[in-house]
Structures are given as C-alpha cells and as structure tokens.
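>>> take this sequence and fold it.
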Amino acid sequence: MAVKELSRRAHRQLAFQALYGQEFLDCDSVDKLQKAFLSVPRQGDAEAESEAAGFAWELVLGVWQHRAELDAIIEKFARNWRLDRVGRVELNLLRLGVYEMLYRADVPARVSMNEALELDKQYGDARSHTFVNGILDAVNKAVEKGELKVRV
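Numbers count the residues shown, from 1 in each chain. Okay, here's the model as predicted:
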C-alpha cells in the first residue's frame, strides 16, 4: 500500500500548529523542538504524517533557528505594534510567512503570503487578516526592492 503524500498546505498547517504549541513549552534544543513537533496531533494517514523529515519539519526548524531575525523583521514592519501585543497565532503565521519568503526559494512569495492568510482565516482573530496581510505585503515589497535580502 502506497503512503499518501501530504500537500504543502497540510505541511504548513502542521508546521504552524507545532510552532504555536512550542510557544508554551521550553524548546531550547532541536531535540525538544522535534519532540514538540512529533506531539502535534495528526489527522489522516498516520504513517504519512508521523515522519519528522519533510516540508513541515523544515519549516518548523527554520523558523525556530531564525526566530530572532524573523521577529526583528516583523517588528520593523509592524509599525506602532510591539511583538508582545501581537497575538501568538498571528505572530507565528507571520514568522512562517516571512521565513518562507526569505529562506525558501522553492516557494514563490505570493504563495507564502496566501498560505499564511488562509491559515489566519482558520486560526486567527477575525480582525487580524488585514494586519497579517499588510506586514507580509510590506516584507514582500522590501524584498522586491532589495531592502531585504533573500537568504537562500
């Protein structure tokens, strides 16, 4: 029996859930982060979803490794908003979107933005959509103008 491959959207959802969950844990090592990632409840084909390798894990690890840089970029474009005022859901969606725009050459910026906004519709505050969109759009424009460098 063939193992069903998860869609990238499903991987992003899993990555977001893991990133959001690790906000409440002390993930100060890759081992702890991986345990937190593996503890996220999965739906569907357990064999396909149980692997730590793959796109979801790459996103989780990348966001975790570059979190300080991502937060600084988000804070720069979140005019008049301190990060401690941004909801954890929205902050992790922004981290995920900005990470993909800067570190994933295989993902077009518009796809990263759209996917973050789709997850925001599902998990975010009803009023956060324009906030998330505005920051991701500003980051994208800064990348296009060369003000932010892609780090692939």
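>>> what residues are up against residue 129?
117, 120, 121 (C-beta atoms under 8 Å, 6 or more residues apart in numbering). (C-beta placed from N, C-alpha, C; glycine too.)
>>> low pLDDT regions in the protein?
1-5, 43-53 (pLDDT under 70).
>>> so who does the residue nearest the centre of it touch?
Centroid check for the chain by C-alpha atoms, centre = their mean gives residue 96 as the closest residue, at 1.9 Å. Applying C-beta under 8 Å, 6+ apart to residue 96 gives the contacts 12, 15, 16, 19, 59, 63, 112, 116, 119.
>>> one more: residue 58?
For residue 58, counting by C-beta under 8 Å, 6+ apart, there are no contacting residues.
>>> now, the most widely separated pair of the contacts of residue 96?
Based on C-beta to C-beta, the longest span within the contacts of residue 96 runs between 19 and 112 and measures 14.5 Å.
>>> so for those two, which sits in the more crowded spot?
Neighbour tally, residue 19 and residue 112, criterion other C-beta atoms under 10 Å: the higher count belongs to residue 19, 27 against 22.
>>> residues near residue 137, how many?
Look at residue 137: counted by other C-beta under 10 Å, it has 14 neighbours.
>>> check which helix or strand covers it.
helix 129-144 (DSSP states H and E).
>>> the residue nearest to the centre of the chain in helix, strand or coil?
Under the three-state scheme (DSSP: H, G, I helix; E, B strand; the rest coil), residue 96 adopts helix.
>>> out of the contacts of residue 129, who's nearest residue 24?
residue 120 (19.6 Å).
>>> contact partners for the residue lying closest to that closest one once chain neighbours are set aside?
Closest residue to residue 120 apart from its sequence neighbours, by C-beta to C-beta, 6 or more residues apart in numbering: residue 132 at 4.9 Å. Residue 132 is in contact with 90, 93, 94, 97, 116, 117, 120, 124, counting by C-beta under 8 Å, 6+ apart.
>>> now these as CSV including secondary structure?
As requested, these are exported to CSV (three-state DSSP):
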residue, secondary structure
90, helix
93, helix
94, helix
97, helix
116, helix
117, helix
120, helix
124, coil
